[in-house]
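S.K.: Pasted the sequence and its predicted model underneath.
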Amino acid sequence: MVSPEDEVIRRRQRERARIMALLLGAFVVLLFFITIAKTGMNW
Amino acid sequence: MPTLELSNPAALPADWRDFVALTKPRVMSLVVFSGLCGLLVAPVQLPLVLSFTAILCIALAAGACGALNQWYEVEIDAKMRRTAKRPLPAGRMERQSALHFGVALSGFSVLLMGLATNWLAAALLAVSILFYVIVYTVWLKPRTAQNIVIGGAAGAFPPLIGWVAATGHVAALPLLLFAIIFLWTPPHFWALSLFVRSDYAAAGIPMLPVVAGFESTRRQILLYSLPMAFAAVTPWALGLSGPVYGVCAAVLSFVFLVLASRVAANRASEPVGMDAEKHLFAYSVFYLFALFAALVADRWLPW
């Protein structure tokens, strides 16, 4: 049986993992567009 | 939603909302806005994504400063009503987590700024973070009543960084924007510190009202408002901005001086009698937003 405290810990870990995944995804997209913009400037 | 009483909240992984709170989002808005204005008034326009990245880096660096400030000042924050509910003094987060978060955010923001725009902007961003954390938070704030005068430079960097991110060099206009924020900071913070004086006294922070008293602080507010108003109209006087900005700066600064004069004339020693100080504090925030918005409007709108 999972104690209420363990449940809170897991919920927070899940939330933090989701936020981290979203931020990493956004960072990859940002890097893609930065690369496009930087190469475009040098043409 | 039902809440759970936990034996030791700090032993839990911190809630992501507490990491957001560490970045002081409300303070960040003025930093982001002034950085954006520096970027927008520059003669060179960056591609949209690079402008967005530059502003994102300024925001992340401001957040890093907030986190490192709260990591260092946890004992002080615990003594002040205004700050006692922050994640660290409230025990919702381990101190080490705030340090790691602040350092990681600092490094990330500087590296991303360098890669996306130029390394001079990244260097200025790094200097602003180090100035805020080491010179202001660690060195000046607990030691001298002049903490906010010199420390104010840290908050004055964003428009300079925004400009340098766009152009790659420093010029007279962004230096004047730096000077405006630098001279605006003491009256802004001293107005606040007058009506929260007891908080600063309880925490042992030598803010001017605690060390020099009410009368001296009120006089200093008026004295610093004069060069601030002068700096505000200088971009127009030097021909670096148009008459729209000049008129807005003159009117806004005149109102600032009127409110600062009311503060200088006030003799109240209890917060209930400090309406003049509260009005000046609220107006000072509006003043900086309006002044920088006028500069951008002057640059972009076809008058």
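M.R.: Happy to help now that I have it.
S.K.: how does chain B divide into domains?
M.R.: B:14-170, B:172-297 (automatic domain parsing).
S.K.: Would you mind naming what in chain B lies close to chain A?
M.R.: Within reach of chain A by Cβ under 8 Å from any Cβ of the partner chain, chain B has these residues: B:4, B:6-7, B:12-16, B:47, B:49-50, B:53, B:56, B:115-116. All C-beta atoms are positioned from the backbone trio N, CA, C, and that covers glycine.
S.K.: 7 Å instead, please
M.R.: Within chain B, the residues that sit near chain A (Cβ under 7 Å from any Cβ of the partner chain) are B:4, B:6, B:12, B:13, B:15, B:16, B:47, B:49, B:50, B:53, B:116.
S.K.: Identify the residue nearest the third one in space, chain neighbours excluded?
M.R.: Spelled out, that is residue B:12. Using Cβ to Cβ, 6 or more residues apart in numbering or on different chains and skipping the chain neighbours, the partner closest in space to residue B:12 is residue A:9 (5.8 Å).
S.K.: isn't the one you found right up against residue B:13?
M.R.: Yes: the pair residue A:9 / residue B:13 is scored as a contact, 6.3 Å apart, by Cβ atoms under 7 Å.
S.K.: In chain A, where is pLDDT below threshold?
M.R.: By pLDDT under 70, the low-scoring segments of chain A are A:1, A:41-43.
S.K.: Kindly recompute the last result at 80.
M.R.: Chain A contains residues with pLDDT under 80 at A:1-2, A:41-43.
S.K.: and residue A:10, how many neighbours does it have?
M.R.: Residues lying near residue A:10 (other Cβ atoms under 10 Å in any protein chain shown) number 12.
S.K.: can you give me the helices in chain A?
M.R.: A:4-42 (DSSP state H).
S.K.: for chain B, what are the nearby residues on it?
M.R.: Near chain B, when you scan chain A using Cβ under 7 Å from any Cβ, you find A:4-5, A:8-9, A:12-13, A:15-16, A:19, A:30, A:33-34, A:37, A:41.
S.K.: okay if I get the domains of chain B as JSON lines plus distance to residue A:25, mean neighbour count and mean pLDDT?
M.R.: Formatted as JSON lines, these follow (distance: least, Cβ to Cβ, whole Å; neighbours: other Cβ atoms under 10 Å in any protein chain shown; pLDDT from 0 to 100):
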{"stretch": "domain B:14-170", "distance to residue A:25": "15", "mean neighbour count": "20", "mean pLDDT": "94"}
{"stretch": "domain B:172-297", "distance to residue A:25": "32", "mean neighbour count": "19", "mean pLDDT": "95"}
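S.K.: May I see the ones you listed arranged in TSV, with distance to residue A:24 as well?
M.R.: Shown next, in TSV, are the domains of chain B (distance: least, Cβ to Cβ, whole Å):
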stretch	distance to residue A:24
domain B:14-170	12
domain B:172-297	33
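S.K.: Reduced to three states, what does the closest residue to residue B:234 other than its chain neighbours come out as?
M.R.: In space, and not counting its chain neighbours, residue B:234 is closest to residue B:176: 5.6 Å by Cβ to Cβ, 6+ apart. Following DSSP: H, G, I helix; E, B strand; the rest coil, we place residue B:176 in the helix state.
S.K.: Next up, the contacts around residue B:176.
M.R.: B:231, B:234, B:235 (Cβ atoms under 7 Å, 6 or more residues apart in numbering or on different chains).
S.K.: And for stretch B:273-293, what's in contact with it?
M.R.: Contacts of stretch B:273-293 (Cβ under 7 Å, 6+ apart): B:30, B:33-34, B:37, B:184, B:187-188, B:191-192, B:194-195, B:232, B:248-249, B:252, B:255-256, B:259-260, B:262-263, B:266, B:268.
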